[in-house]
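K.L.:
Model the structure of this input:
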Amino acid sequence: MFRFGNAASVAVKLADTEGRGTTKATVRATGAQKELFVYQNTDPVSGLVYVNVPHGKKLEHQGVRVQLLGQIITPGSTGGTVVTFTDLKSDYMDLAPAGVLETSATYDFAFPDTWKEFESYYGLNVTLRYCIRVTVFRRNYQSSIEHDEEFAVQILQPSPETNPPIKMEVGIEDCLHIEFEYDHGTYHLNGCVEGRVYFLLVRIKIKYMEIAVIKRESAGSGRGAVNESETIIKYEVMDGVPVKGEIIPLRLYLKPLPLTPTFRNIGGFFSVKYYVNLVLVDEEDRRYFKQQEITMWRDELDGSSADSK
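P.N.:
Below you'll find the predicted structure:
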């Protein structure tokens, strides 16, 4: 709820939230988490707007408006801590004309249109968010009363028609020859990466091998462009010296990890890609690695009954 001195307060109650799933979004600037109701991109969004006027007070206004707003927040063109707010698109309803409220008022709103094109995203340096924004316009010298009620949008995607395995090689002439194989190149968020490592030639002493999932986010443009990588998970899959002909199985469950679908040039503002990174470390702490992009897609909404099983 947003309070404007002792004059008024504004609140929003979303409809049809009973049984609706939720997801947690992390505000990177503060580290705080907020829980948001999840809507599919084709779902209508409706509810109630409350404009509360304290007893004995009155609220003069120039109109009450509600918007369904999508925004991308990216690093600004000048870099540093400056950010750019870009409105994707906005639908709005005027709930009341200019007038005077002497008592509290409640208004219905409904946005049946399905223009929510992109999925919500709360990343390292970029945010794509949706909200219901209520504005009570005031006279010229008075600030408007404004309140945002955020919600999350998630988009279900069909399974890929083809999903062939991925095979790679790592070699150092006359010293090391390894083949990596992953069963697939595309995974849903609740999937499992399975594969194998074949040691075809081993003439150096390997100390251990680890696997990691790395997220790469590209945001902004020009001088304000920011590219960052984040290691989502890393763990050891082999300890000790392998021998020629040895096969090491790989298995990585994705469901517990904080992953999103792969995003490519969303709105011309940002991309998010994922990579599986395999690293071998020898006894002299030299590192040999091979990185492979994998594509992530969503097959169910966060907090859905299927997700909770």
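K.L.:
And G222, its phi and psi?
P.N.:
The phi/psi pair for G222 (degrees, to the nearest 10) reads phi 60, psi -140.
K.L.:
From I266, how far off is it?
P.N.:
G222 sits 18 Å away from I266, taking CB to CB, to the nearest Å as the criterion. Using the backbone N, CA and C atoms, a C-beta is placed for each residue, glycine as well.
K.L.:
More neighbours: which of the two?
P.N.:
Set side by side, G222 and I266 show more neighbours around I266, with 18 against 10, by other CB atoms under 10 Å.
K.L.:
who's in contact with the more buried one?
P.N.:
For I266, the contacting residues are I72, F118, Y121, L128, by CB atoms under 8 Å, 6 or more residues apart in numbering.
K.L.:
will you turn those into CSV that also has pLDDT, neighbour count and distance to Q40?
P.N.:
Putting the contacts of I266 into CSV (pLDDT from 0 to 100; neighbours: other CB atoms under 10 Å; distance: CB to CB, whole Å) gives the following:
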residue, pLDDT, neighbour count, distance to Q40
I72, 88, 21, 20
F118, 93, 17, 13
Y121, 95, 20, 16
L128, 93, 23, 16
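K.L.:
how many other residues sit next to E117?
P.N.:
E117: 13 surrounding residues under other CB under 10 Å.
K.L.:
Tell me, what's the model's pLDDT at it?
P.N.:
For E117, the model assigns a pLDDT of 89.
K.L.:
which stretch of helix or strand covers it?
P.N.:
E117 belongs to no helix or strand when elements are defined using DSSP states H and E.
K.L.:
Verify the stated contact: it with N41.
P.N.:
Yes: A contact is recorded between E117 and N41 when judged using CB atoms under 8 Å, the distance being 7.1 Å.
K.L.:
which parts of stretch 108-124 are buried?
P.N.:
F109, F111, K116, F118, E119, S120, Y121, Y122, G123, L124 (16 or more other CB atoms under 10 Å).
K.L.:
Ignore what I typed, I meant stretch 136-144.
P.N.:
Neighbour counts using 16+ other CB under 10 Å place V136, R138 of stretch 136-144 among the buried residues.
K.L.:
what do you get for stretch 199-209?
P.N.:
For stretch 199-209, burial by neighbour count (16+ other CB under 10 Å) applies to F199, V202, I204, I206, K207, M209.
K.L.:
Redo those residues as JSON lines? Include distance to D302.
P.N.:
Compiled in JSON lines, the buried residues of stretch 199-209 are given as follows (distance: CB to CB, whole Å):
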{"residue": "F199", "distance to D302": "40"}
{"residue": "V202", "distance to D302": "43"}
{"residue": "I204", "distance to D302": "44"}
{"residue": "I206", "distance to D302": "39"}
{"residue": "K207", "distance to D302": "39"}
{"residue": "M209", "distance to D302": "33"}
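K.L.:
Sitting in strands, which of those residues do you find?
P.N.:
Residues from the buried residues of stretch 199-209 lying in strands, with DSSP state E as the criterion: F199, V202, I206, K207, M209.
K.L.:
For F137, state which of the residues you listed is nearest.
P.N.:
M209 (62.2 Å; CB to CB).
K.L.:
If that closest one is in a bridge, with which residues?
P.N.:
Bridge pairing for M209 (DSSP bridges) gives the partners M238, L280.
K.L.:
for I214, same thing?
P.N.:
Under DSSP bridges, the residues paired with I214 across the bridge are T231, Y275.
K.L.:
ok, it touching E230?
P.N.:
Yes: using CB under 8 Å, I214 is in contact with E230, at 7.1 Å.
K.L.:
of those two, who's got more company?
P.N.:
Under the criterion of other CB under 10 Å, the comparison of I214 against E230 puts I214 first, with 17 against 12.
K.L.:
residue contacts, that one?
P.N.:
Contacts for I214 (CB under 8 Å, 6+ apart) come out as S229, E230, T231, I232, Y274, Y275, V276, N277, Q291.
K.L.:
Which PyMOL command selects the buried ones in the residues you listed?
P.N.:
Selecting only the buried entries of these in PyMOL, with 16+ other CB under 10 Å as the criterion:
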select buried, resi 274+276+277
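K.L.:
Adding pLDDT, write the contacts of I214 out as JSON lines.
P.N.:
Conversion of the contacts of I214 to JSON lines gives the following (pLDDT from 0 to 100):
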{"residue": "S229", "pLDDT": "94"}
{"residue": "E230", "pLDDT": "94"}
{"residue": "T231", "pLDDT": "96"}
{"residue": "I232", "pLDDT": "96"}
{"residue": "Y274", "pLDDT": "97"}
{"residue": "Y275", "pLDDT": "96"}
{"residue": "V276", "pLDDT": "93"}
{"residue": "N277", "pLDDT": "92"}
{"residue": "Q291", "pLDDT": "90"}
